[in-house]
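Visitor: Would you be able to build a 3D model of this:
(4 chains, ligands or ions: 2)
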2 protein chains.
Amino acid sequence: MKLTSKGRYAVMALADLARFDNVNPVSLRDISLRQGISLDYLEQIFSKLRKKEIVQSVRGTQGGYVLNKKAKEIKLTNIFDAVDEKVKTVQCKKESKKGCHGKSTKCLTHNLWDELENHIKNFFEKKNLEDLVKDNIERRI
Amino acid sequence: MKLTSKGRYAVMALADLARFDNVNPVSLRDISLRQGISLDYLEQIFSKLRKKEIVQSVRGTQGGYVLNKKAKEIKLTNIFDAVDEKVKTVQCKKESKKGCHGKSTKCLTHNLWDELENHIKNFFEKKNLEDLVKDNIERRI
DNA sequence: GTATACTTGACTATTTTAGTCAGGTTTATA
DNA sequence: TATAAACCTGACTAAAATAGTCAAGTATAC
Ligand code: FES
Ligand code: FES
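Guide: Numbering: from 1, shown residues only, chains lettered A, B, ... in the order given. Ligands and ions are numbered 1, 2, ... in the order given. Presented below is the predicted three-dimensional model:
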């Protein structure tokens, strides 16, 4: 089980944005340089973040992106949802009554994976962007 | 972030083994049929489980596998370790002082991912095979 | 001696990931 | 108004990981 770059970069970029967000928008170019993430890839990611109203864009020279909500109101859950970073532990469709390989009952481990999924999602639900910025200020990174 | 089949099947197969484990060894063929997992794939998995002394093999006719410890003593952590199902959230090498892309400091999100990793590993550390069997007996699956 | 079942290693199709690339459009500012 | 900075979009692709398959054994109960 591992975190993909898409989710990791989305959070990393937003952490950067939240830190430098004051009056002026932050350009993807700056984020790209500071965080070492490909500009083209960032554009894909921010396109999704904008569609889900996590950031706002400002076009033209001196343009860039601004947070659309307060950092405290942006949970990791929201970020991951926006970029389609899924947490998938069960193999079956959860809503369906069928089990793993189309079997008629849920498999021996179904409940276990479901618990695991909740456990992980719980973490994402509790953390928000502000936590992240604070943590970095405290440690002076 | 998702669980791979290797880890999922390993736990599934061991749950099956733990349930039917009494005096006689359980053959992979039986597990394969009951759980709908390819026999060849199970063999790969059990080879690793055996090397890590989670199961014991009995060769020949009426052979199969037996748990090498009590179900209660087999934690999910042990199972995942055995089959190399890794939990990888950070991108950098944790021990190294370098950050994500070989940078000299850890990135803005490093601590966050590290917390997440601990959160997940904590779950695996708390669950053992006996929990799983009990859960299934209670629900009569 | 033969069928059952473990043992091992190599091989491969498919899918996912992590981007790149090309071609736009918008707008501040000189 | 020209120009460059920066957003915007969709298509494409190399590389890696995954989820197996396949082949050729060896051991042992009966
Ligand atoms: S994971 Fe849901 S039935 Fe197996
Ligand atoms: S995840 Fe460790 S430095 Fe970025």
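Visitor: Low-confidence regions, chain A specifically.
Guide: Chain A contains residues with pLDDT under 70 at A:21, A:140-141.
Visitor: now with 90?
Guide: Residues of chain A meeting the criterion pLDDT under 90: A:20-23, A:93-98, A:100-104, A:137-141.
Visitor: which non-adjacent residue is nearest the residue in chain A sticking out farthest from the centre?
Guide: In chain A, the residue that sits farthest from the middle, by Cα atoms, centre = their mean, is residue A:104; the gap is 34.9 Å. Take residue A:104 and drop its neighbours on the chain: the residue closest to it by Cβ to Cβ, 6 or more residues apart in numbering or on different chains is residue A:98, 6.5 Å away. Every residue, glycine included, has its C-beta placed from N, CA and C.
Visitor: For DNA strand D, see how far away that neighbour is.
Guide: 17 Å (Cβ to the nearest atom of the strand, to the nearest Å).
Visitor: And residue A:3, by the same measure?
Guide: 12 Å.
Visitor: That residue against residue B:2, yeah?
Guide: No - using Cβ atoms under 8 Å as the test, residue A:3 is too far from residue B:2 to be in contact (10.2 Å).
Visitor: Please identify the buried residues of whichever strand or helix holds residue A:134?
Guide: Assigned by DSSP states H and E, residue A:134 belongs to helix A:129-139. The neighbour-count check on helix A:129-139 (16 or more other Cβ atoms under 10 Å in any protein chain shown) flags A:129, A:132, A:133, A:135, A:136 as buried.
Visitor: for that helix, the distance to its chain's centre please.
Guide: 16 Å (Cα atoms, centre = their mean, to the nearest Å).
Visitor: Against which helices or strands is that helix packed?
Guide: Using 3 or more Cβ pairs under 8 Å, 6 or more residues apart in numbering or on different chains; DSSP states H and E, the elements in contact with helix A:129-139 are helix A:5-20, helix B:110-126.
Visitor: Would you reformat those as TSV and include mean neighbour count and distance to residue A:28?
Guide: Shown next, in TSV, are those (neighbours: other Cβ atoms under 10 Å in any protein chain shown; distance: least, Cβ to Cβ, whole Å):
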stretch	mean neighbour count	distance to residue A:28
helix A:5-20	22	8
helix B:110-126	17	21
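Visitor: Make JSON lines from those helices and add distance to DNA strand D to it.
Guide: Compiled in JSON lines, the helices and strands packed on helix A:129-139 are given as follows (distance: least, Cβ to the nearest atom of the strand, whole Å):
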{"stretch": "helix A:5-20", "distance to DNA strand D": "10"}
{"stretch": "helix B:110-126", "distance to DNA strand D": "15"}
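Visitor: Relative to residue A:106, how far out is residue A:99?
Guide: 5 Å (Cβ to Cβ, to the nearest Å).
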